[in-house]
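Student: Sequence first, predicted coordinates after that:
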Amino acid sequence: MLKDLEQYASQYTGLAKLNRLRFIADHCPPLRLDALRMALAYVMTTYNTNLYQQIYRKLQEALSLYVDIIFYPCLIELFYDFFKKMSLSKSVTLNLIIKDK
């Protein structure tokens, strides 16, 4: 999919390219990270600092969401492992860490 996105984005230049990549990032979750990374790399070749900051913030939000979705189930499994193998106090501590996140 990344090759298709690169090929698609190569048809555009300037703000049109950035707007296309931002639109894809907003409307196509599977391509969100790739589109934002490409947009960030492209905007770094310009002097548009405001757009750079917007894209950077969106990428940070997307990455944090991605990390929560991917790694949160692993923490739950870890919690149950502690519960089964260790004392209750250690699992409660891990539970507090998970809830703080």
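Tutor: Received it, and whenever you're ready, just let me know what you need.

Student: make it CA atoms for all contacts and neighbour counts henceforth
Tutor: Noted.

Student: Now do the helices in this protein.
Tutor: 2-9, 14-27, 32-43, 49-85, 88-100 (DSSP state H).

Student: give me the number of residues near residue 44?
Tutor: Residue 44 sits with 13 neighbouring residues when counted by other Cα atoms under 10 Å.

Student: Out of the helices of the chain, which gets the lowest mean score?
Tutor: Looking at those, the lowest mean pLDDT belongs to helix 88-100 (a mean of 46).

Student: any idea how far residue 60 is from residue 7?
Tutor: 24 Å (Cα to Cα, to the nearest Å).

Student: The two: who's more crowded?
Tutor: Using other Cα under 10 Å, the more surrounded residue of residue 60 and residue 7 is residue 60, with 14 against 11.

Student: Phi first, then psi, for residue 44.
Tutor: Backbone torsions of residue 44, given as degrees, to the nearest 10, read phi -70, psi -20.

Student: How about residue 11?
Tutor: Dihedral angles (degrees, to the nearest 10) for residue 11: phi -80, psi -10.

Student: Tell me, how many residues neighbour residue 48?
Tutor: 11.

Student: Would you indicate which residues of stretch 43-55 are buried?
Tutor: Under the neighbour-count criterion of 16 or more other Cα atoms under 10 Å, stretch 43-55 has 43, 51, 52, 55 buried.

Student: ok, now how distant is the closest residue to the last one other than its chain neighbours from residue 5?
Tutor: Taking Cα to Cα, 6 or more residues apart in numbering as the measure, residue 55 lies nearest to residue 40, with 6.1 Å between them; neighbours along the chain are not counted. Between residue 40 and residue 5 the distance is 14 Å, computed by Cα to Cα.
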